[in-house]
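Chemist: got a predicted structure here, sequence first:
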Protein chains: 2
Amino acid sequence: MRQAGRYLAEYRALRAKHSLLDLCHDPALAAAVTLQPVERLGVDAAILFADILLPFEPLGLGLSFAAGEGPQVEHPIRDAAAVRRLPTPDPAQSLGYVCEAARLVARALPPHVPLIGFAGAPFTLASYAIEGGSTRTFTLTKRFMYTEPEAWHALLGRLAEFVGCYLAAQAAAGARALQLFDSWVGCLSPQDYRTYVQPHTRRTLALAAQEAGGRGVPVIHFGTGTAPFLEDFAAAGGDVIGVDWRIPIDQAFARVGPGRAVQGNLDPAALLAPRVERERQVRDVLGRAAARPGFIFNLGHGVLPETSVEAVRAVVEQVHGG
Amino acid sequence: MRQAGRYLAEYRALRAKHSLLDLCHDPALAAAVTLQPVERLGVDAAILFADILLPFEPLGLGLSFAAGEGPQVEHPIRDAAAVRRLPTPDPAQSLGYVCEAARLVARALPPHVPLIGFAGAPFTLASYAIEGGSTRTFTLTKRFMYTEPEAWHALLGRLAEFVGCYLAAQAAAGARALQLFDSWVGCLSPQDYRTYVQPHTRRTLALAAQEAGGRGVPVIHFGTGTAPFLEDFAAAGGDVIGVDWRIPIDQAFARVGPGRAVQGNLDPAALLAPRVERERQVRDVLGRAAARPGFIFNLGHGVLPETSVEAVRAVVEQVHGG
């Protein structure tokens, strides 16, 4: 999950001077923000500072972040014509600033700390593109999906091509692992996941793997609320399956099956708990994953803004057995 | 699910003259709103017009609904002292206007159309009480739960007593089925559900059943996002287990086990789909539940405001085999 964020004073200080998009657009700033928390938190990997919605800029959708309001899409996709009008930008070029930030970070990091690149998965990106921002019900997204299935598949196909190549470009720029975020896919029924999403995620991951596989760069396939269809989610691909706290991690291992790693899955809210309860929950995750090769400890979703840096550090130390 | 809502022109007309709370507070108006959609939609049961947060008024939390903003709690519960300060109103008396509405509706309905009463479950109510309104992350709720476990259990215990008796009072007033809504419980891990919620839901349902059981009034226990812990959810009680679209209904039957009915589970977004896709999804639910005694067709959550009345009617007719 993103390491830099509002819970870090040094991040808030930078954000007082620069907008979120400004930080993303400037490779030197993005690299600095990426590096800031790594030493501070003592984590095993750095996560590139970027936003999953950056592809919306070269795709001509228009992207802004209103203070405290989340992302806003200036030209949301509401019909088939809007899908047809989408330009076909080159990901490595149009988001070259992200790749440049990756190069800067990869050079600056000590060799034992790999850089993780990432991108949003087609469904999650499409949901923002169609809704025009955040949503609780995904009403417009599902209506589009059911009403314009051809345009839906065209849109997700386009996003799959873009995102797959974008991830590949990050691997070429020095990312040593990649993560695909299908953050909101849990709003769907298992049937709809298979019909409307899975083929496009599969294509995305296959494209990323073309570049990443040759470099030995593993790809993490992450989603929240995927417990109801975890087998299908895993079948779409990924060397590592990332899950949220809604499934015990031992069950996730069993359902993902052999030959793949599993990442997760502490509830980010556990970092707001008193020490004893927080440590108990970390111990529970570690215990359930004990003796499993290929377990990667992580939160089940992003760090909540209310989190203290001390709590994050303490979890890292506990996981390291310190 | 609530039948009256913004998707109905006659409801919008009434809301132009009365606030949501005014409609709830006036038994004659609430009864009229309850009856309005029943004939129009052709449904098999009427659902009492009320709001799950009405208990917040006698509990002294202060409740309002800002236009388009959802509920707002004037005095949210943020510490153990606030739990201790909660008054102990009598549900049947303090929400007597709801019971009166139930009596009016029960008298007005034709005998073959039963009235369903309902209430919010302790967890879902507590989440609103603590957050002070709607939330996506349940951050304050979980922090309270982890940080003040004694106060948490005291709060949910109090809500369980209130809600259990409130449901019982609705049965006494003429409701011929009851539904307990634990709408947001899917934000929890299965472990947290068992520790922090299940005992209180069990108590609520047991209290309701004391009155309802003797009258032959079944209780529906509904939640969304419960697929990861459906066995535990069902173990808390309920003659009927209501599920959302995130689990195929045949799997829900299998996991709930014999001796209980299952209610669900069309994605409300399916009512925004073109006819062919909507009918396919209804057929899929009916097919999966075919030959199961104790299946109750319903949506997996509330009617979306964007829904057309014609679509609701068409689904009712399709389910009736018309």
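Modeler: That came in fine, so what should we check first? Numbers count the residues shown, from 1 in each chain, chains lettered A, B, ... in the order given.

Chemist: from the chain's centre, how far out does whichever strand or helix holds residue A:170 sit?
Modeler: Using DSSP states H and E, residue A:170 falls within helix A:149-172. Here the centre of helix A:149-172 is set off from its chain's centre by 15 Å, with C-alpha atoms, centre = their mean, to the nearest Å.

Chemist: other SSEs contacting that helix?
Modeler: helix A:80-84, helix A:91-94, helix A:96-108, strand A:115-120, helix A:122-131, helix A:139-147, strand A:177-182, helix A:198-214 (3 or more C-beta pairs under 8 Å, 6 or more residues apart in numbering or on different chains; DSSP states H and E). Heads up, the C-betas are built off the backbone N, CA and C, glycines and all.

Chemist: so does the last one get close to chain B?
Modeler: Going back to what we said before, that points to helix A:198-214. No - Helix A:198-214 lies out of reach of chain B by C-beta under 8 Å from any C-beta of the partner chain, never closer than 15.6 Å.

Chemist: how about the residues of chain A near chain B?
Modeler: So far as C-beta under 8 Å from any C-beta goes, chain A lies against chain B at A:134, A:136-139, A:142-143, A:146-147, A:149, A:186, A:188-192, A:225, A:227-228, A:245-248, A:267, A:269-270, A:272-274, A:277-278, A:284, A:304, A:306.

Chemist: and residue A:66, what pLDDT?
Modeler: Here the pLDDT value assigned to residue A:66 is 85.

Chemist: not counting its neighbours along the chain, what's nearest it?
Modeler: For residue A:66, ignoring the flanking residues on the chain, the nearest one in space by C-beta to C-beta, 6 or more residues apart in numbering or on different chains is residue A:72 at 5.7 Å.

Chemist: name the SS class of that neighbour, please.
Modeler: strand (DSSP: H, G, I helix; E, B strand; the rest coil).

Chemist: dig out what it forms beta bridges with.
Modeler: residue A:64, residue A:133 (DSSP bridges).

Chemist: got the contact list for it?
Modeler: A:63-66, A:132-133 (C-beta atoms under 8 Å, 6 or more residues apart in numbering or on different chains).

Chemist: from these, which is closest to residue A:19?
Modeler: Taking C-beta to C-beta as the measure, residue A:19 lies nearest residue A:65 of the contacts of residue A:72, at 6.9 Å.

Chemist: could you give the number of residues near the closest residue to the closest one other than its chain neighbours?
Modeler: Excluding the flanking residues, the one nearest residue A:65 by C-beta to C-beta, 6+ apart is residue A:20, at 4.9 Å. Per other C-beta atoms under 10 Å in any protein chain shown, the neighbour tally for residue A:20 reads 15.

Chemist: isn't residue A:20 up against residue A:64?
Modeler: No - using C-beta atoms under 8 Å, residue A:20 is not in contact with residue A:64, being 9.3 Å away.

Chemist: stretch A:286-300: how far from the chain's middle?
Modeler: That offset, for stretch A:286-300, works out to 19 Å (C-alpha atoms, centre = their mean).

Chemist: measure it end to end?
Modeler: 13 Å (C-alpha to C-alpha, to the nearest Å).

Chemist: who touches that stretch?
Modeler: Taking C-beta under 8 Å, 6+ apart as the rule, stretch A:286-300 contacts A:1, A:220, A:224, A:240, A:242-246, A:248-250, A:253, A:260-268, A:271, A:285, A:319.

Chemist: which residues touch residue A:41?
Modeler: Residue A:41 touches A:3, A:309, A:312-313, A:316, counting by C-beta under 8 Å, 6+ apart.

Chemist: highest neighbour count among those residues?
Modeler: residue A:3 (25 neighbours).

Chemist: what is the mean pLDDT for stretch A:224-233?
Modeler: 98.

Chemist: residues making contact with it?
Modeler: So stretch A:224-233 is contacted by A:182-187, A:190, A:193-194, A:198, A:221, A:223, A:241, A:243-244, A:246-247, A:252, A:255-257, A:300-301, B:186, B:225, B:227-228, B:246-247 (C-beta under 8 Å, 6+ apart).

Chemist: redo that, cut-off 6 Å
Modeler: With contacts defined as C-beta atoms under 6 Å, 6 or more residues apart in numbering or on different chains, stretch A:224-233 is touched by A:183, A:186, A:190, A:193-194, A:198, A:223, A:244, A:246-247, A:255, A:301, B:227-228, B:246-247.

Chemist: for residue A:51, see how far away residue A:21 is.
Modeler: 8 Å (C-beta to C-beta, to the nearest Å).

Chemist: oh, that last question was meant for residue A:206, not what I typed.
Modeler: 24 Å.

Chemist: give me the more crowded residue out of these two.
Modeler: The neighbour comparison of residue A:206 against residue A:51 (other C-beta under 10 Å) goes to residue A:51, with 18 against 15.

Chemist: can you read off the backbone torsions of the more buried one?
Modeler: phi -130, psi 140 (degrees, to the nearest 10).

Chemist: grab the nearest non-local neighbour of it.
Modeler: residue A:24 (5.7 Å).

Chemist: quick one: buried residues of the host helix or strand of that neighbour?
Modeler: Per DSSP H and E, residue A:24 falls inside helix A:20-25. Neighbour-count burial for helix A:20-25, with 16 or more other C-beta atoms under 10 Å in any protein chain shown as criterion, is recorded at A:21, A:23-25.
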